[in-house]
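Student: how would this look folded up:
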Amino acid sequence: MLKLYTIDEAQLYVAKARQAQRLIGLIPTMGALHDGHLSLVHQSGRECDETIATIFVNPTQFGPGEDLNRYPRTLADDLNRLEQGGATAVFLPSAEEMYPEGFSTYVDPPEVSLPWEGVARPGHYRGVATVVLKLFHALPTHRAYFGRKDYQQVKVVQSMTRDLNLRMEIVMCDTVRDPDGLAMSSRNRYLSPADRDRALLLHRSLMTAKSLVRQGVTSVSHLQDAMRQVLLGELSDHPGQTTPAAGVDSIDYAVIVDAETLSSVSTLERPAVALIAARVGTTRLIDNEPIEFN
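Tutor: Residues are numbered from 1 along each chain as shown. A predicted model of the protein is given here:
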């Protein structure tokens with residue numbers, strides 16, 4: 001697995017692969033890799049001739065008081081995982097390489113960035129859009145693979161790619177979960193055993209909404225109320241199942257919205273997605289599920 005450290009090296013690598021008519025996939029990451037990231041590597045490996053991962057903890061997407069300084073950095077393990085997973089190259093830029101002295105140009109993210117995470121984390125998607133566009137210029141591959149767990153982020157990247165006429169296919173891959181349903185996340189390692197048990201309420205809340213829809217419920221306010229009750233430990237998601245006495249510590253949002261625009265809806269009449277952001281202990285977690293209805 002080739003290690004690339006500069007934008008010049010990255011661009012040259014992609015140019016040679018394109019000249020050889022090889023299909024190239026890109027997996028942008030911030031490191032602290034888990035099986036969810038590796039599933040993106042594997043999908044790219046099945047679909048492309050070359051798979052390039054990136055590892056860069058992007059400072060511009062962290063707001064004041066967020067976890068930039070304590071964000072897990074596990075480079076040696078990450079490189080081993082990528083090589084074992086079949087990545088052909090990895091881009092490892094420094095902060096100075098990505099943001100040279102005097103840097104002052106940022107991407108104004110698309111409208112789909114405004115609600116939910118856009119409200120909870122002001123400026124976050126400006127940092128995401130900026131670094132993703134810079135990575136796309138450094139590594140102009142044919143495809144880029146993103147996990148569905150960060151659903152709004154994928155929609156932001158898809159919209160930016162379309163709006164700026166980038167010749168890049170954005171592939172959204174399924175969320176990878178632990179056997180108990182917890183969505184894999186680099187931040188899960190922050191959870192104590194007790195907090196991890198409470199973190200399962202996010203997935204249970206989503207499953208409750210999907211179960212109610214299968215029973216014929218189409219009122220979004222009813223579904224959202226049920227989601228919040230599960231998150232707060234006030235409602236068991238399955239008859240006879242024990243729900244923790246304590247719910248999550250706080251809820252940023254627990255909503256069902258239009259699957260494309262992420263705008264609020266009052267009833268299920270078109271494809272929708274359930275989105276959750278909640279805090280368990282000191283850890284902020286997000287999750288989502290498509291809402292299917294007849």
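Student: what's near enough to touch residue 277?
Tutor: By C-beta atoms under 8 Å, 6 or more residues apart in numbering, the contact set of residue 277 is 116-117, 120, 251-253, 284-286. Where C-beta positions appear, they are placed from N, C-alpha and C, glycine not excepted.
Student: Selecting buried members of those residues in ChimeraX, what would you type?
Tutor: In ChimeraX syntax, the buried subset of the contacts of residue 277 is picked out as below (16 or more other C-beta atoms under 10 Å):
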select :116,117,251,252,253,284,285,286
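Student: Filter the contacts of residue 277 down to just the ones in helices.
Tutor: Secondary structure from DSSP state H places 117, 120 of these in helices.
Student: for the contacts of residue 277, which one is nearest residue 132?
Tutor: Within those, proximity to residue 132 (C-beta to C-beta) peaks at residue 117, which comes in at 14.7 Å.
Student: For the residue nearest to that closest one when sequence neighbours are not counted, give me the pLDDT.
Tutor: Leaving aside its chain neighbours, residue 117 sits nearest to residue 152 (5.2 Å; criterion: C-beta to C-beta, 6 or more residues apart in numbering). The score at residue 152 is 98. That number is its pLDDT.
Student: Within the helices and strands, which one has residue 152?
Tutor: Per DSSP states H and E, residue 152 falls inside helix 151-163.
Student: likewise residue 203?
Tutor: Counting by DSSP H and E, the element that carries residue 203 is helix 193-214.
Student: in that helix, what counts as buried?
Tutor: Along helix 193-214, these residues count as buried under the neighbour rule (16+ other C-beta under 10 Å): 195-196, 198-210, 212-213.
Student: Over to stretch 6-25?
Tutor: Those would be 7, 9-10, 13-14, 17, 24-25, for stretch 6-25 by 16+ other C-beta under 10 Å.
Student: gap between it and the chain center?
Tutor: Centroid separation for stretch 6-25 versus its chain: 25 Å, with C-alpha atoms, centre = their mean, to the nearest Å.
Student: swap in stretch 205-224?
Tutor: Offset of stretch 205-224 from its chain centre (C-alpha atoms, centre = their mean): 24 Å.
Student: Quick one: end-to-end distance for it.
Tutor: The straight-line separation of the ends of stretch 205-224 (C-alpha to C-alpha, to the nearest Å) is 9 Å.
Student: got the contact list for it?
Tutor: Under C-beta under 8 Å, 6+ apart, the answer for stretch 205-224 is 181, 226-228, 230-231, 235, 237, 254-256, 264-269, 272, 274, 276, 287-289, 291-293.
Student: Strands along the stretch 51-200 of the chain, start to end?
Tutor: For the stretch 51-200 of the chain, the strands defined by DSSP state E, counting those that start in this stretch cover 89-91, 143-147, 169-173.
Student: Note down every partner strand of the second one and its orientation.
Tutor: It refers to strand 143-147. strand 24-29 (parallel), strand 169-173 (parallel) (DSSP bridges).
Student: list the contacts for residue 78?
Tutor: 29, 31-33, 55.
Student: sorry, back to before: closest to residue 62 out of the strands of the stretch 51-200 of the chain?
Tutor: Nearest to residue 62, of all the strands of the stretch 51-200 of the chain, is strand 143-147, at 18.7 Å by C-beta to C-beta.
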